[in-house]
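In: Next one to model:
(one chain, ligands or ions: 1)
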Amino acid sequence: MLISGGPLDMLRHADMVIVGAGFYGATIAERAANEAGLKVVIIERRSHIGGNCFSEIDPATGIEVHRYGPHIFHTSNMAVWSYINRFTTFTGYVHRPFTVHRGEAFALPINLGTICQFYRRHLTPDEARALIAGQTAELGGREPTNLEEKAISLVGRPLYEAFIRGYTRKQWQTDPRELPASIISRLPVRYTFDNRYFADTFEGMPVDGYTAIFDRMLRHENIYVVLDADWFDLKSSIPAAIPTIYTGPIDRYFDYSEGRLGWRTTEFDRTVVPTGDFQGTAMMNYADEDVAYTRIVEYQHFHPGRDRPKDRSVIVYEYPRSAGQGDEPFYPIGAPSDRSLFRKYKERADKEPNIHFGGRLATYRYLDMHQTIGSALKDWDRMKTTIVQRGRTPATHLQTETVGRFDTLSP
Ligand code: UDP
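Out: Coordinates of the predicted model:
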């Protein structure tokens, strides 16, 4: 979208510019407007708010789909939970995915039920622990230094090879020995029959979808959202004195001058199938490497309480791959070479005047939604005094005559 006249003027008079309308940017914008009365302009490259959490209604089925892959809200952070509940209520959805290995479906995360089914015998928690402990001996007591070693230390080699190695190779396009152990630490391993994916205190799906959350966070007279606009094209017209929050990829900010960080992206193949229930659950992973996709997501199962067609359903096949030029970067790969490259960018970012880097893409961290909101709330608390003290004029209603608009797609 072309920006000229009024909106450019408005950009010049903003108290704060935010690059990106995902959870990090939206949280800072909401706080800055509501707590400090600042005039905030958000510049978003895409044609919608919500970043990768954006949800929309599939026109053929009326089912809510998350355009950039499934998002399940979960947190144990009371401050984050209270904050997000100002903008939505949550359903009681509890995520219990499955994985297919050699034609058989197993419950995830790896739990006592998965272990018993895999070894075709009933095991007590102590027996299962003893079995796995025997298998982890191959590590010789060493601290795991990569994803493969970490996974073996948690579940032993046979379960690693069945459920983790192939899936991880497909998902990250990287050998698990090159990946950080922290990726696998996201998944719990349980010696009980509890097959909840997340171990957090609070979990659920936003009752009227993710986009509605962003809509409510940003619907404020002091917040102006410019869609379809690349901040890099506008930067030279914005006074450098205006504090800026940058939530895009950190390597893009520096024009990739030190090199490109490794990111993973995903192709989504959305299909309407002629059955009311395709797979009986929201998420079915495919652990084997001879299946090209990592998982199939059937979105109606995220909201079992909603009305839906009985004769069709929308499913999405996910094909991850490394992100090349022009792709949407979703997940930081974080191989050792990436980590040293990131440190170079971080050093430079710390020296940039009047700009703050936040969120998954700018900090090159695999943050979940709740962690992103939590870090934005903390960062806002740290930065607010300085920003408010800059002594801008009291907030007045922003002119919104030509560009900014809200995409409201609440189901
Ligand atoms: N993982 C796996 N098998 C599975 C599911 C996950 O090996 O069936 C591993 C994989 O390395 C993945 C990591 O666990 O990257 C974290 O999985 P998560 O479900 O958190 O990934 P996300 O849904 O965020 O893409």
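
In: Show the subsequent helix or strand relative to the worst-scoring helix or strand of the chain on mean pLDDT.
Out: Ranked by mean pLDDT, DSSP states H and E, the weakest helix or strand in the chain is helix 6-12, scoring a mean of 70. Remark: after helix 6-12, the chain's next helix or strand is strand 16-19, criterion DSSP states H and E.

In: Tell me the neighbouring strands of that next one, and mark each as parallel or antiparallel.
Out: According to DSSP bridges, strand 16-19 has the following sheet partners: strand 40-43 (parallel), strand 244-246 (parallel).

In: Tell me which of those approaches Glu298 most closely.
Out: Closest to Glu298 of the strands paired with strand 16-19, according to C-beta to C-beta: strand 40-43, at 32.9 Å. C-beta: built from backbone N, CA, C; applies to glycine.

In: so which of the strands paired with strand 16-19 comes closest to the ligand?
Out: For the ligand, the closest of these is strand 244-246, at 23.2 Å, according to C-beta to the nearest ligand atom.

In: Get me the contact residues on the stretch 251-400 of the chain for the ligand.
Out: The stretch 251-400 of the chain has residues 285, 287 near the ligand, with proximity defined as C-beta under 6 Å from any ligand atom.

In: Now the residue of the stretch 251-400 of the chain found nearest the ligand. Nearest residue, chain neighbours left out?
Out: For the stretch 251-400 of the chain and the ligand, the shortest gap (C-beta to the nearest ligand atom) falls at Asn285, measuring 3.9 Å. Once flanking residues are discounted, Asn285 sits nearest to Thr99: 3.9 Å by C-beta to C-beta, 6 or more residues apart in numbering.

In: three-state assignment of the residue of the stretch 251-400 of the chain closest to the ligand?
Out: Assigned with DSSP: H, G, I helix; E, B strand; the rest coil, Asn285 falls in the strand class.

In: So what sits opposite it in the bridge?
Out: On the basis of DSSP bridges, Asn285 is bridged to Thr99, Arg295.

In: what about stretch 223-230, distance to the chain center?
Out: From the chain centre to the centre of stretch 223-230 is a distance of 21 Å (C-alpha atoms, centre = their mean, to the nearest Å).

In: Just give the nearest non-adjacent residue to the residue nearest the centre of the chain, would you?
Out: The centroid of the chain falls nearest to Asp368 when counting by C-alpha atoms, centre = their mean (5.0 Å). Using C-beta to C-beta, 6+ apart and skipping the chain neighbours, the partner closest in space to Asp368 is His74 (7.6 Å).

In: Neighbouring strands - and their directions - for the strand or helix carrying the one you found?
Out: Taking DSSP H and E as the definition, His74 sits inside strand 73-75. Sheet partners assigned to strand 73-75 using DSSP bridges are listed as strand 202-204 (antiparallel).

In: still on that earlier bit, let me know the pLDDT of the residue nearest to Asp368.
Out: His74 carries a pLDDT score of 98 in this model.

In: is it in a bridge, and if so with what?
Out: Per DSSP bridges, the residues bridged to His74 are Glu203.

In: Might you report the residue contacts of it?
Out: By C-beta atoms under 8 Å, 6 or more residues apart in numbering, the contact list for His74 reads 95, 198, 200, 202-204, 368, 370.

In: ok, which stretches of this structure are helices?
Out: Assigned by DSSP state H, the helices in the chain fall at 6-12, 23-36, 78-84, 112-119, 125-135, 147-159, 166-172, 182-185, 210-218, 231-234, 250-253, 336-351, 360-363, 369-389.

In: Could you export these as CSV, including mean neighbour count?
Out: Formatted as CSV, the helices of the chain follow (neighbours: other C-beta atoms under 10 Å):
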stretch, mean neighbour count
helix 6-12, 16
helix 23-36, 24
helix 78-84, 17
helix 112-119, 18
helix 125-135, 14
helix 147-159, 22
helix 166-172, 20
helix 182-185, 18
helix 210-218, 24
helix 231-234, 16
helix 250-253, 20
helix 336-351, 14
helix 360-363, 25
helix 369-389, 17
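
In: Check those for me: which has the lowest mean pLDDT.
Out: Note on the helices of the chain: lowest mean pLDDT is at helix 6-12, with a mean of 70.

In: any idea which of the contacts of His74 is closest to Tyr224?
Out: His370 (26.8 Å).

In: From what I see, the closest one and Ile72 are in contact.
Out: No. Between His370 and Ile72 there is no contact, the gap being 10.5 Å when judged by C-beta atoms under 8 Å.

In: Write out the residues of the stretch 51-200 of the chain neighbouring the ligand.
Out: 99, 108, 163-164, 167-168, 171, 183-184, 186-187.

In: Can you tell me which of those is nearest Gly25?
Out: Closest to Gly25, out of all of those and judged by C-beta to C-beta, is Arg186, at 23.8 Å.

In: Just give the nearest non-adjacent residue to the closest one, would you?
Out: Among residues not flanking Arg186 along the chain, Tyr366 sits closest, at 7.7 Å (C-beta to C-beta, 6+ apart).
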